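>>> structure, please.
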Amino acid sequence: MGTLLLRPPGHRRDVALRPAATAMVWLGEGHPHEMIAVPGVALADADALVAVELSTVCETDVCAVQGRRSAPAPVVLGHESVGRIIDIGDAGVVAVDGTPLRVGDRVVWSPTISCGACDRCRSGLPQRCRTLGRYGHDRIGAHGDLTGAFGSHVQLRSGTAIVRAPESLPAAVLAPASCATATAWAAVAAARRDLDGAPVRVHGAGLVGLTAAAIAAELGAAVEVCDPDPQRAAMAARWLGSSCVERDPEVVIDASGHAAAEAVDGVAVGGAVVLIGQEVGTGPVLFDAERIVRTLVTVTAVQDGSPHDLADAVAFLAGRGRAYPFAEAVGQVRQLAELDAAMEAASASGAPLRIGVVPG
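Residues are numbered from 1 along each chain as shown. Here you go, the predicted model:
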């Protein structure tokens, strides 16, 4: 399979890759992935080229393959990765903390690419940039072939938030940080209140929900996790212990995508409900607007995290997050060439929180 590359304007340096990089291209619903060889890239001045250490399969990747989320084929899916920088554009690349990145740095990066100049970026919403790009979502071609996590390399474009990853943390802990952990951090922060001693309820014991619960617990909250799946509920008990809030929760986080109305109904007077965005929803949700007004409830939403959410998420994993079994979230690891099997495993009943994928 070949791709006609229309090189964007601006200075670019050709980088040959020996051996050639590889990427798994999804051609559309009902078609298996195809592996392509990428012998080189055109590296823009503020780009970085990363060799992938480990990627993980997110639910949105499975949704795309199953036709439950639109995706412009051909595309290299995947947006949760950890890797190491092997080349940097001529102008250099700066991490979220403002320090220059170097070849050899171990890094994680945001799933989105932002311009930094539009009204949304300037107002603190770069994840909703007017010209937003997304790893694992954008069709291959105009920006090259290494545009998603399911390859041996990823070409990080200017406008990507990049955070150094601690060498001491396992790749299985770090790979989901860009999506699951950063989103969970953003959800807890969106409650905008001191959680010390506060009752908090989390709906959904997937990786995002469990991570949000762990973050809230480390901030001093009494946390209750609700999930109708007995296996997931048991997992929450292993992570956080069996707990039940003794009064109406001050904060309710819906990480399931299916409990928005229940979250609003169950929150305390003056409380906050945080809805975590899901690529595949259940359709319109009816809220009791009168109750929201009468009880002074705040309803807010989160989808993806900001660059600082990503940095804070990595800091959490490297610090107090070590008390939780994040490494166990990746229940299986497959070779890149086995991506279709990895997708099937991720969608199976009783699947682990994440399936890992490593370059062959």
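
>>> burial count for Ala301?
Residues contacting Ala301 under the criterion other CB atoms under 10 Å number 13. Glycine gets a C-beta too; all of them are placed from N, C-alpha and C.

>>> from Gly277, how far out is it?
To Gly277, Ala301 is 6 Å away according to CB to CB, to the nearest Å.

>>> and the residue nearest to Val103 when sequence neighbours are not counted, what does it touch?
Leaving aside its sequence neighbours, Val103 sits nearest to Ile85 (CB to CB, 6 or more residues apart in numbering; 5.4 Å). Under the criterion of CB atoms under 8 Å, 6 or more residues apart in numbering, the contact list for Ile85 reads 48-50, 93, 101-105, 107.

>>> from those, which land in strands?
Of the contacts of Ile85, the ones assigned to strands by DSSP state E are 48-50, 107.

>>> now the buried members of the residues you listed.
When the ones in strands among the contacts of Ile85 are checked for burial by 16 or more other CB atoms under 10 Å, the buried set is 48-50, 107.

>>> next, give me the two most distant ones among those.
Leu49 and Val107 (11.3 Å; CB to CB).

>>> which residues touch the residue nearest to Val82 when sequence neighbours are not counted?
Of all residues not flanking Val82 in the chain, Leu174 sits nearest, at 4.0 Å (CB to CB, 6+ apart). Counting by CB under 8 Å, 6+ apart, Leu174 touches 54, 82, 108, 165-166, 314, 317.

>>> just the buried residues of those residues.
Buried among the contacts of Leu174 (16+ other CB under 10 Å): 54, 82, 108, 165, 314, 317.

>>> tell me which residue is most central in the protein.
By CA atoms, centre = their mean, the chain has its centre lying nearest to Cys179, at 1.1 Å.

>>> you'd agree that one is up against Glu80?
Yes - under the criterion of CB atoms under 8 Å, Cys179 makes contact with Glu80 at 4.9 Å.

>>> pLDDT weak spots in the stretch 201-350 of the chain?
278-284 (pLDDT under 70).

>>> what segments of it are strands?
Under the criterion DSSP state E, counting those that start in this stretch, the stretch 201-350 of the chain contains strands at 222-226, 251-254, 272-276, 298-302, 330-335.

>>> thought Glu224 was touching Arg201?
Yes - using CB under 8 Å, Glu224 is in contact with Arg201, at 4.8 Å.

>>> looking at the two, which has the bigger crowd around it?
Set Glu224 next to Arg201 and count neighbours by other CB under 10 Å: Arg201 wins out with 29 against 20.

>>> list the residues that contact the more buried one.
Neighbour list for Arg201: 223-226, 245, 249, 251-253, 263, 266-267 [criterion: CB under 8 Å, 6+ apart].

>>> got it, and Ala217?
Ala217 neighbours (CB under 8 Å, 6+ apart): 223, 240.

>>> quick revisit: need the strands of the stretch 201-350 of the chain in TSV with distance to Arg12, can you?
Below are those laid out as TSV (distance: least, CB to CB, whole Å):
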stretch	distance to Arg12
strand 222-226	48
strand 251-254	43
strand 272-276	37
strand 298-302	35
strand 330-335	31
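
>>> looking at those, which is buried most?
Ranked by mean neighbour count, those are led by strand 251-254 with a mean of 29 (mean count of other CB atoms under 10 Å).

>>> residues in contact with that one: which ones?
Under the criterion CB under 8 Å, 6+ apart, residues 187-188, 191, 193, 195, 198-204, 209, 212, 216, 221, 260, 262-264, 266-267, 271-276 lie in contact with strand 251-254.

>>> return the subset of these lying in helices.
Secondary structure from DSSP state H places 187-188, 209, 212, 216, 260, 262-264, 266 of the contacts of strand 251-254 in helices.

>>> please enumerate the helices of the protein.
Listed in chain order, the helices of the chain (DSSP H) span 59-65, 119-122, 171-174, 180-190, 207-218, 230-240, 260-266, 289-294, 307-318, 339-347.

>>> nearest to Ile36, of the ones you listed?
Closest of these to Ile36 is helix 339-347, at 12.5 Å (criterion: CB to CB).

>>> mind listing what's buried in that closest one?
Buried residues in helix 339-347, counted by 16+ other CB under 10 Å: 339, 342-343, 345-347.
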